[in-house]
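K.L.:
what's the 3D shape of this:
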Amino acid sequence: MGVAAGPIRVVVAKPGLDGHDRGAKVIARALRDAGMEVIYTGLHQTPEQIVDTAIQEDADAIGLSILSGAHNTLFAAVIDLLKDREAEDILVFGGGIIPEADIAPLKEKGVAEIFTPGATTQAIVEWVRENVRESAGA
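P.N.:
Numbers count the residues shown, from 1 in each chain. As a prediction, the model looks like this:
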């Protein structure tokens, strides 16, 4: 067992121009209710702002909520920036309206998991619990 330094820390972010944050807030609350520390960045964040926040907050994971259709660009930008900043140990997961055909290519780029609109908050909490600590503390 690795060194688990306190609760899992997750940055929940809404990149891009998408103005709908209900889903992101629901996920943030569910993770918080499950005992995780959640930093919610608010709307209209650039990938740079999201990565800066994750590094400053010593986050274990970044959860991106994207409904705008710009998921391919935005997920790739966040992953590339994490690599540039030598912070690839921060797991990136996301959800939103993401076509089935885009999920495999996103995972190939390095997105750990994608949750489509039918996913329950419980499934997301369980996934974070099972996957984040393994990569962070194993």
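K.L.:
Would you map the helices across the chain?
P.N.:
Using DSSP state H, the helices found in the chain span residues 22-33, 47-56, 71-84, 100-109, 121-137.
K.L.:
Can you lay out the ones you listed as TSV showing mean neighbour count and distance to V12?
P.N.:
Yep, even glycine has a C-beta here, placed from its N, CA and C like the rest. Output for the helices of the chain, formatted as TSV (neighbours: other CB atoms under 10 Å; distance: least, CB to CB, whole Å):
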stretch	mean neighbour count	distance to V12
helix 22-33	18	4
helix 47-56	19	10
helix 71-84	19	13
helix 100-109	12	18
helix 121-137	16	11
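K.L.:
Looking at the ones you listed, spot the one closest to G16.
P.N.:
helix 71-84 (5.5 Å; CB to CB).
K.L.:
Which secondary structure elements does that closest one sit against?
P.N.:
helix 47-56, strand 61-66, strand 91-96, helix 100-109 (3 or more CB pairs under 8 Å, 6 or more residues apart in numbering; DSSP states H and E).
K.L.:
and of those, who's closest to V38?
P.N.:
Among these, the nearest to V38 by CB to CB is strand 61-66 (8.6 Å).
K.L.:
Mind exporting the C-alpha coordinates of that closest one to PDB?
P.N.:
Output in PDB follows, covering the C-alpha atoms of strand 61-66 (Å, rounded to 0.1, in the frame of the first residue of the first chain):
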ATOM      1  CA  ALA A  61      -7.100  13.900 -10.600                       C
ATOM      2  CA  ILE A  62      -8.800  16.400 -12.900                       C
ATOM      3  CA  GLY A  63     -12.400  15.900 -13.900                       C
ATOM      4  CA  LEU A  64     -13.500  17.700 -17.000                       C
ATOM      5  CA  SER A  65     -17.100  18.400 -17.900                       C
ATOM      6  CA  ILE A  66     -17.600  19.200 -21.500                       C
END
